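Visitor: Kindly generate the corresponding structure for this input.
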Amino acid sequence: RRLLVPRGGGSVVLPGEVGLVLRGGRTTTDRVDDVPTQPTGERAAAMVDKVAAGAAVEAGRRVELLLDHWGTHPPAALRSG
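Guide: Residues are numbered from 1 along each chain as shown. Coordinates of the predicted model:
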């Protein structure tokens, strides 16, 4: 019934579909799709606002540096346009 496939040297292999059925439809014996819990804590709204403002300033600074660099060393155009 083709549940075992001869491999040579006197050994046999289970087809992938048979292994999948034996594991209950999972591709691994242990569950790997469980999302781990992230440790969280309470934060003051003022602190969150300050951190977000700092991240926005940093993003703007990095974009400015990139544009300055492109002004002196323009990126090469791709053949596809």
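Visitor: ok, which stretches of this structure are helices?
Guide: Along the chain, the segments classed as helices by DSSP state H run 16-22, 45-72.
Visitor: what about the shortest one, distance to the chain center?
Guide: A distance of 27 Å separates the C-alpha centroid of helix 16-22 from that of its chain, computed with Cα atoms, centre = their mean, to the nearest Å.
Visitor: go on, the last one?
Guide: Using Cα atoms, centre = their mean, we find the averaged C-alpha position of helix 45-72 to lie 25 Å away from the chain's own average C-alpha position.
Visitor: just to revisit the earlier point, pick the most deeply packed of the helices of the chain.
Guide: Ranked by mean neighbour count, those are led by helix 16-22 with a mean of 12 (mean count of other Cβ atoms under 10 Å). Every residue, glycine included, has its C-beta placed from N, CA and C.
Visitor: helices and strands around that one, which ones?
Guide: Helices and strands touching helix 16-22, as assessed by 3 or more Cβ pairs under 8 Å, 6 or more residues apart in numbering; DSSP states H and E, are absent.
Visitor: any idea of the mean pLDDT for it?
Guide: When pLDDT is averaged over helix 16-22, the result is 84.
Visitor: List of residues touching it?
Guide: Helix 16-22 is touched from outside by Leu3, Leu14, Arg26, Thr27, with contacts defined as Cβ atoms under 8 Å, 6 or more residues apart in numbering.
Visitor: if we go to 6 Å?
Guide: Helix 16-22 has contacts (Cβ atoms under 6 Å, 6 or more residues apart in numbering) with Leu3.
Visitor: about what we covered before: which of the helices of the chain has the lowest mean pLDDT?
Guide: helix 16-22 - the lowest mean pLDDT of these, at a mean of 84.
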